[in-house]
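[1] here's my sequence, what's the structure:
(one chain, ligands or ions: 1)
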Amino acid sequence: MTRPKIFLTRELPPESMAILRQQSDLTFNPDDRVLTKAEIIAGVQDVDGLLCLLTDLIDDEILAANSNLKVVANFAVGFNNIDVDAATDRKILVTNTPGVLTDTTADMAFALLLSAARRVVEGDQFVRAGNWHGWGPLQFLGNDVSGSTLGLIGFGRIAQAVARRARGFDMKIVYWNRTRLSPEQESSLGVVYAEMDEVLRQSDYVSVHVALNDETKHLIGARELSLMKPIATIVNTARGPIIDEAALVAALQDGTIASAGLDVYEREPELHPDLYQMPNAVIAPHLGSATIGTRTKMGNMAAENCLAACRGEVPPNLVNP
Ligand code: DGY
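    Numbers count the residues shown, from 1 in each chain. This is a model prediction of the structure:
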C-alpha cells in the first residue's frame, strides 16, 4: 500500500512528528506561525489528509481545493474552526481529539478561578514593580473559594472534571446543560441542576464549558452578566465568542461582577483593548491544553485519526459520521 500524503499546518510535539514521518509522506509548515488561507490551499494540493489547528479556519474554499482530500484532522477537541457541514457534503471526514485534554483544561479553569479570586497576578505585578513594602491587613483582599458556590454552564467532560476539583474545595456545585443528567448521575457527581439564569444568580464562580456553535455564540451577554452577583468571577476556558467580550469588559468596569479568568477571546489573538489594563481580569494566552503530556497525546491522536482516515478506515474520533 502506498504511503498516505499528509499536510500539517504547524509542527507538533516530537513524538507525534515521529509517528507522522514514519507512516506518511509528510509536508509541514516549519515556521512558528499561522499559515494564510492561500498557503493552506497550496499545502493541501495532492495530499490525502490535512492535519490542522484551531487557529486554521478551514472553509469550503480550502476543502474544494483538492477533490481527493479524505480527512481534516483537528489538533483540538473543539472543531468550530472547520466548516463540518461543507466537509460532510464533500465526503471529507473530520476528526478531533476528545478526552485527552479534559483534566489539563479543568486544571487551567481552576487555576484561573483561584488566580482571579485571590488576586495572584495583581499581587505578582505589585511585587515585581517594587511596590511591596511589607504585609498589610487590607492588602489585596480577595474572595473565598472554599465553601462557595460554583456554577457550570455546560456539563460535558471538562465541566465534570472541574466539578471533581470543586468538591475538594467543599464548593456547592450547580450546573446548567442542554440535557439534564439522571438523578443518580447528579447525586454521584454531587451536583444540582438549575436553569441557566438561576445558575448565574446563585453562583460565586461561573465557569463556561459549552461548545461554540450558532446557538452558543454570545450565550453570556449583558443580560446574563447582570444576573450574576457583584462579587462573582467568570471563567472561560471554552471558546471566546461564547461570552460577549464588550459586555464582559463593561460588567468588569462598572462592578456588575468582580473579576474574570480568561483563557480564550472573541478575536484571538486580539483582545478587547481595555482588558490589558484591567486588574480584575486574569488573561492567559489560550493555554487550556498546554502541557507537554497533553499536547503530545493530542498530537498522537490527531496523527492516528489522520492516518486511519487516509488508509480508508473509520478514524477513532470522527465528528461527522
Ligand atoms: C481545544 O482542544 O479545543 C483546546 O481549546 C485546545 O487548547
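[2] can we go C-alpha only for contacts and neighbour counts from here?
    Fine.
[3] give the contact list for the residue of the chain found nearest the ligand.
    Per CA to the nearest ligand atom, Ala76 is where the chain lies closest to the ligand, at 3.1 Å. Applying CA atoms under 8 Å, 6 or more residues apart in numbering, one finds that Ala76 lies in contact with Leu53, Leu54, Asn96, Thr97, Pro98, Met298.
[4] just the buried residues of those residues.
    Buried subset of these (neighbour count, 16 or more other CA atoms under 10 Å): Leu53, Asn96, Thr97, Pro98, Met298.
[5] which one of those is nearest to Leu271?
    Leu53 (19.9 Å; CA to CA).
[6] am I right that the closest one is in contact with Leu12?
    No - if you go by CA atoms under 8 Å, Leu53 and Leu12 don't touch, sitting 9.9 Å apart.
[7] what parts of the stretch 151-300 of the chain come near the ligand?
    Contacts of the stretch 151-300 of the chain with the ligand, taken as CA under 6 Å from any ligand atom, map to Leu287, Gly288, Ser289.
[8] wait, doesn't the first one sit right on Ala109?
    No - with contacts counted by CA under 8 Å, Leu287 stays clear of Ala109, the gap being 9.9 Å.
[9] when these two are compared, which one has more neighbours?
    Ala109 (28 against 15; other CA atoms under 10 Å).
[10] per-domain residue ranges of the protein.
    Domain segmentation of the chain under automatic domain parsing yields 5-99+292-310, 102-283.
[11] closest one to Pro316 among the ones you listed?
    So among the domains of the chain, domain 5-99+292-310 is nearest, using CA to CA, at 6.1 Å.
[12] mind checking the end-to-end distance for the closest one?
    End-to-end distance for domain 5-99+292-310: 8 Å, by CA to CA, to the nearest Å.
[13] quick one: mean pLDDT for it?
    In this model, domain 5-99+292-310 carries a mean pLDDT of 98.
[14] nearest to Leu152 among the residues of the stretch 151-300 of the chain next to the ligand?
    Gly288 (16.6 Å).
[15] give the helix, strand or coil label for the residue positioned nearest the centre of the chain.
    Relative to the mean C-alpha position of the chain, the nearest C-alpha, by CA atoms, centre = their mean, is the one of Ala238, at 3.5 Å. Using DSSP: H, G, I helix; E, B strand; the rest coil, the structure places Ala238 in coil.
[16] this completes my enquiry, with thanks.
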